[in-house]
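> Sequence and predicted model, in that order:
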Amino acid sequence: MSRQVFLYDPPDRFVAGTVGLPGRRTFFLQASSKGRVTSVALEKTQVAALAERIDELLDEVVRRTGGSSPVPAVAPTDVSDTAPLDVPVEEEFRVGTMALAWDGDEQRMIVEAQALVELDAGSEDDLAEAEEKLLQDEENGPPMLRVRLSGAQARAFAKRALDVVNAGRPPCPLCSLPLDPEGHVCPRQNGYRRGA
């Protein structure tokens, strides 16, 4: 079966968002253009890593071009997107591998999210060979979301993605673990109380 590539060049909208309550949220990347919407599920840590790496890559582009590239230093407010995900949110696939690139000729950020694939291998060498073959297979690989963004769109995506990640449960001031509405067992308070 041939690889399914969901290409958005450029998207009308590309955002990270969630479905569910804090502590039980499912994270999504969602791209849309001309009435077509693609949503892919991923982990919270993947969203955070993607946003951080986008910012780092854009900072490097600005540094290397001496500020002459059309990449803003911060997310512009005019392209900010705080709207919820488009509904219905239908998961196309769960993300396994992500990749970023900067197309210097087109001045575009390329974001790729590839479906999670489980490989059967008898040894480490077999696994490495299977992974390499899978990555090189342009025709029969797993489904992929590929989005091409302007510098401003990429900055706005990264800012929103970090805001979404940080909008979860607040951290405990003592141990930094998430505080649940039902209560929190803090490992830093292991039953010891100071006498008066």
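Yep, it's here.
> for the strand or helix carrying residue 45, packing partners?
Using DSSP states H and E, the element containing residue 45 is helix 44-64. When contacts are defined as 3 or more Cβ pairs under 8 Å, 6 or more residues apart in numbering; DSSP states H and E, helix 44-64 sits against strand 13-19, strand 26-33, strand 91-103, strand 108-115, helix 151-166. Using the backbone N, CA and C atoms, a C-beta is placed for each residue, glycine as well.
> And stretch 74-82, end to end?
End-to-end distance of stretch 74-82 (Cα to Cα, to the nearest Å): 16 Å.
> buried ones in the helix holding residue 45?
For helix 44-64, the neighbour count (16 or more other Cβ atoms under 10 Å) marks 46, 47, 48, 50, 51, 54, 55, 57, 58, 61, 62 as buried.
> Same list, these, but as a markdown table with distance to residue 185 and pLDDT please.
Output for these, formatted as a markdown table (distance: Cβ to Cβ, whole Å; pLDDT from 0 to 100):
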| residue | distance to residue 185 | pLDDT |
| --- | --- | --- |
| 46 | 27 | 96 |
| 47 | 27 | 97 |
| 48 | 25 | 95 |
| 50 | 31 | 97 |
| 51 | 30 | 97 |
| 54 | 36 | 96 |
| 55 | 35 | 95 |
| 57 | 39 | 95 |
| 58 | 40 | 94 |
| 61 | 45 | 92 |
| 62 | 45 | 91 |
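> Looking at the residues you listed, spot the one nearest residue 186.
Within the buried residues of helix 44-64, the smallest distance to residue 186 is 23.3 Å, found for residue 48 (Cβ to Cβ).
> so who does the closest one touch?
Residue 48 is in contact with 161, 162, 165, counting by Cβ atoms under 8 Å, 6 or more residues apart in numbering.
> Show me the shaky parts of this protein.
Scanning the chain for pLDDT under 70 picks out the ranges 1, 119-123, 126-127, 130-131, 133-138, 191-196.
> what sits against the residue positioned nearest the centre of it?
Closest to where the C-alpha atoms of the chain average out (Cα atoms, centre = their mean) is residue 47, at 3.2 Å. For residue 47, the contacting residues are 16, 27, 29, 161, 164, 165, by Cβ under 8 Å, 6+ apart.
> The fourth one touches residue 51, doesn't it?
Yes: at 3.7 Å, residue 161 and residue 51 qualify as touching, with contact defined as Cβ atoms under 8 Å.
> Overlap of the contact sets of these two?
residue 16.
> picking that back up, against residue 157, how distant is the residue nearest to the centre of the chain?
10 Å (Cβ to Cβ, to the nearest Å).
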